[in-house]
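Colleague: no FASTA, just this:
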């Protein structure tokens, strides 16, 4: 092995020189061997004319091999082209033997050139194949053994892409088609899916690559469920649509999408509903830089609005989404004007002037504080932004004559146990009150609200957190072993919000079908196992990743609901339902808002909590007042250090 390593480290010039020397030996050996094979002795080779034939053949063959580019071929990447060059070169070499023998009248039997050509082809081609195998074995030591799940077109393309990979070594294919079992594709055996467990253990497979880009999510979930217990990491190829459109290549391996684990196939959006409030209209999105707001903007761009107004308080978030959307507009060739505006929804004059100045016709209100513990620690700001911000945006819409106003609500607004959920329910009450007032007074603005659960990949989502924790070696933090949540992908949620908004008649509460709830602990375990790792527990003390239970956070519930009552009705869309909820009149809501304003201004948290409890929100807090400023002030009071509120406020 030391000698081989010395050869591998030689310069390319020395390697080519070595190839010339060995090929010279092969030519001479083939010439002598062909004589011996034909006559059984080498007596005739003592004739000088035969030596001249050998010398001429040697020179011609080496020149031909050089001209054909044989010595420029890298043996590690030897292909059929190199073998074709060797075959052509040996054919010319055999012809040289025959021609030289004829003109020099050498004692060379007619069959010798044919035998010589066969020997030379075997020696030159075979030696290079042996070198390639040795090199492959040398480089295979650090490579991961992989199985490709799917022997179709995508699987074969992936195997071809990984053939010369420095990091992966394809062991074989796995396929459900029994007719392909034990067949050989591209030199790789196709195994039946039932044997995957034994193959993974026997061949020490590191990764299983899912090459089934066209499979539905429900089918992918079935496959993942069958692979989750294996010790190998599971990765997947990009979606076929991305591959076809050039946004990805077949060998861009990535982690399994978490929505594949949910197994819910998205419903194609209805174009008429998607376009109703968008095409040819001026659309405004508040909170445009957030996870939901930004996806709404991406979806809206594709349906031809006249103008898209981005309203966002974060400068960086606005900058990012503005650049992305302008790039998307150029790519789509759409004539959409993007208007990036900095502003807070707590400033009603900024909202009203904006909507009037740009003649906004549709508003999607996504601006809100959504992180449950943070709102629990910052109650006043949560109330100001979620309640007053929504009311101000809705009032501005009425004043500006906006046609449609859609509030992005949450399942946490149903029988809330935290301030965030309660403020979102009060925001719904604001829209319901304004919608009733519009109906009574002939107003033109239609209000509706859309409730849904957690979205995958949003800011604060548990999935990116789990992935970061796995990458860091754990532990994974789960609040409670029994906690469950509804999940939906961001694009699907955005599409359903747009479609629900188009169906609104005024004051509607739309509820999205979130599918089956998911147990967070199951999600965590699946993510660990799909990474090729084991969960460390009492029953498996030698596992890789621990799962720690940190306890429910302030205001957090074990489970979420989407409806307050049972009076739910289906709509024209199979994933959208509508619910009738109790509400306040505009005068009653205005009174509640005035008292909340006073309590927030004076930081009177007892009054804020009392008002939230008295409102028809079904607020049932599980913790005391968690506001950090209020608790710090109380701590100072107990220590005799009274901190007065500045009179200037």
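Modeller: Noted; the coordinates are in hand. Predicted model, so just to flag it, every value in this text is computed and none were measured.

Colleague: beta partners of residue 549?
Modeller: residue 478 (DSSP bridges).

Colleague: I figured it hits residue 482, correct?
Modeller: No: using CB atoms under 8 Å as the test, residue 549 is too far from residue 482 to be in contact (10.0 Å). Every residue, glycine included, has its C-beta placed from N, CA and C.

Colleague: the more surrounded of these two?
Modeller: A direct count of neighbours by other CB atoms under 10 Å for residue 549 and residue 482 places residue 549 higher, at 14 against 11.

Colleague: any idea how far residue 529 is from that one?
Modeller: 19 Å (CB to CB, to the nearest Å).

Colleague: same question, residue 444
Modeller: 55 Å.

Colleague: which residues touch residue 304?
Modeller: Contacts for residue 304 (CB atoms under 8 Å, 6 or more residues apart in numbering) come out as 275, 278, 279, 280, 334, 336.

Colleague: what strand or helix carries the residue nearest to residue 343 when sequence neighbours are not counted?
Modeller: Leaving aside its chain neighbours, residue 343 sits nearest to residue 350 (4.6 Å; criterion: CB to CB, 6 or more residues apart in numbering). Applying DSSP states H and E as the criterion places residue 350 in helix 348-357.

Colleague: contacting residues around that helix?
Modeller: Contacts of helix 348-357 from elsewhere in the structure, counted by CB under 8 Å, 6+ apart, are 284, 309, 311, 341, 343-345, 360, 363, 392-393, 395-397, 399-400, 402.

Colleague: ok, back up a step: which of the contacts of residue 304 are buried?
Modeller: 275, 278, 336 (16 or more other CB atoms under 10 Å).

Colleague: for residue 598, state which of the residues you listed is nearest.
Modeller: residue 278 (39.7 Å; CB to CB).

Colleague: so the closest one lies in a strand, does it not?
Modeller: No: Residue 278: not assigned to a strand; according to DSSP: H, G, I helix; E, B strand; the rest coil it is coil.

Colleague: what ranges do the strands span in the stretch 101-250 of the chain?
Modeller: 144-149, 168-175, 184-185, 188-192, 207-210, 233-236 (DSSP state E, counting those that start in this stretch).

Colleague: the ones you listed: which one's closest to residue 52?
Modeller: strand 184-185 (47.9 Å).

Colleague: now for residue 289: which residues touch it?
Modeller: Residues near residue 289 by CB under 8 Å, 6+ apart: 310, 312, 314, 316, 317, 318, 320, 321.

Colleague: now do 10 Å
Modeller: By CB atoms under 10 Å, 6 or more residues apart in numbering, the contact list for residue 289 reads 297, 310-322, 324, 340, 366-367, 459.

Colleague: coming back round to it: from the contacts of helix 348-357, which would you call buried?
Modeller: Using 16+ other CB under 10 Å, the buried ones in the contacts of helix 348-357 are 284, 309, 311, 341, 343-345, 360, 363, 392-393, 395-397, 400, 402.

Colleague: the domain parsing of the chain - what is it?
Modeller: Listed domain ranges for the chain are 2-139, 144-256, 271-455+487-515+561-614 (source: automatic domain parsing).

Colleague: which of those domains is buried the deepest?
Modeller: domain 271-455+487-515+561-614 (a mean of 20; mean count of other CB atoms under 10 Å).

Colleague: state the mean pLDDT of that one.
Modeller: Averaging pLDDT along domain 271-455+487-515+561-614 yields 89.

Colleague: in this structure residue 82 contacts residue 131, no?
Modeller: No: under the criterion of CB atoms under 10 Å, residue 82 is not in contact with residue 131, lying 11.3 Å apart.

Colleague: make CSV from the strands of the stretch 101-250 of the chain and add mean pLDDT and distance to residue 111 to it.
Modeller: Converted to CSV, these look like this (pLDDT from 0 to 100; distance: least, CB to CB, whole Å):
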stretch, mean pLDDT, distance to residue 111
strand 144-149, 85, 47
strand 168-175, 85, 43
strand 184-185, 84, 36
strand 188-192, 86, 40
strand 207-210, 85, 52
strand 233-236, 80, 56
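
Colleague: and of those strands, who's closest to residue 494?
Modeller: strand 233-236 (23.3 Å).

Colleague: counting by contacts, list what that closest one packs against.
Modeller: Judged by 3 or more CB pairs under 10 Å, 6 or more residues apart in numbering; DSSP states H and E, strand 233-236 is in contact with strand 144-149, strand 207-210, helix 217-227, strand 254-255, helix 520-530.

Colleague: let's have those in TSV, adding distance to residue 96.
Modeller: Below are those laid out as TSV (distance: least, CB to CB, whole Å):
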stretch	distance to residue 96
strand 144-149	46
strand 207-210	49
helix 217-227	58
strand 254-255	55
helix 520-530	61
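
Colleague: closest to residue 535 out of the domains of the chain?
Modeller: domain 144-256 (11.2 Å).

Colleague: touching, residue 596 and residue 384? I think so.
Modeller: Yes: using CB under 10 Å, residue 596 is in contact with residue 384, at 9.2 Å.

Colleague: quick one: stretch 504-522 to chain centroid distance?
Modeller: On the basis of CA atoms, centre = their mean, to the nearest Å, stretch 504-522 sits 23 Å off its chain's mean C-alpha point.

Colleague: oh sorry, the question was meant for stretch 433-449
Modeller: 41 Å.

Colleague: between the two ends of it, what distance do you get?
Modeller: 12 Å (CA to CA, to the nearest Å).

Colleague: between the helices and strands packed on strand 233-236, which one is nearest to residue 486?
Modeller: That would be helix 520-530 among these, by CB to CB, at 11.4 Å.

Colleague: give me the mean pLDDT for that closest one.
Modeller: pLDDT averaged over helix 520-530 gives 80.

Colleague: which strands and helices sit next to that helix?
Modeller: Using 3+ CB pairs under 10 Å, 6+ apart: helix 520-530 touches helix 217-227, strand 233-236, helix 258-262, helix 462-471, strand 476-478, strand 484-485, strand 535-536, strand 545-549.

Colleague: hey, least reliable of those by pLDDT?
Modeller: helix 258-262 (a mean of 66).

Colleague: which residues does residue 188 bridge with?
Modeller: What pairs with residue 188, by the bridge criterion (DSSP bridges), is residue 185.

Colleague: contacts only, for it.
Modeller: Contact analysis of residue 188 by CB under 10 Å, 6+ apart lists 147, 148, 151, 155, 156, 159, 163, 170, 171, 172, 173.

Colleague: contact partners for the fifth one?
Modeller: Shown here is residue 156, whose contacts under the criterion CB under 10 Å, 6+ apart are 148, 150, 173, 185, 186, 188, 211, 250.

Colleague: now residue 521: how far from residue 549?
Modeller: 9 Å.

Colleague: need the overlap of contacts for those two.
Modeller: Common neighbours of residue 521 and residue 549 (CB under 10 Å, 6+ apart) are 476, 478, 479, 480, 481, 482, 483.

Colleague: what pLDDT does the model give the fifth one?
Modeller: Residue 481 carries a pLDDT score of 84 in this model.

Colleague: can I take it that it is in a helix?
Modeller: No: read with three-state DSSP, residue 481 is coil and lies in no helix.

Colleague: I figured it was touching residue 550, is that so?
Modeller: No: using CB under 10 Å, residue 481 is not in contact with residue 550, being 11.2 Å away.

Colleague: rewinding a little: let me know the closest of the contacts of residue 188 to residue 31.
Modeller: residue 163 (36.1 Å).

Colleague: may I have the beta-bridge partners of the nearest residue to that closest one once chain neighbours are set aside?
Modeller: Distances taken as CB to CB, 6+ apart place residue 170 nearest to residue 163, at 7.4 Å, with adjacent residues excluded. Under DSSP bridges, the beta-bridge partners of residue 170 are residue 146.

Colleague: residue 471: neighbouring residues, count only.
Modeller: Counted with other CB under 10 Å, residue 471 comes out at 9.

Colleague: quick one, what contacts it?
Modeller: residue 531.
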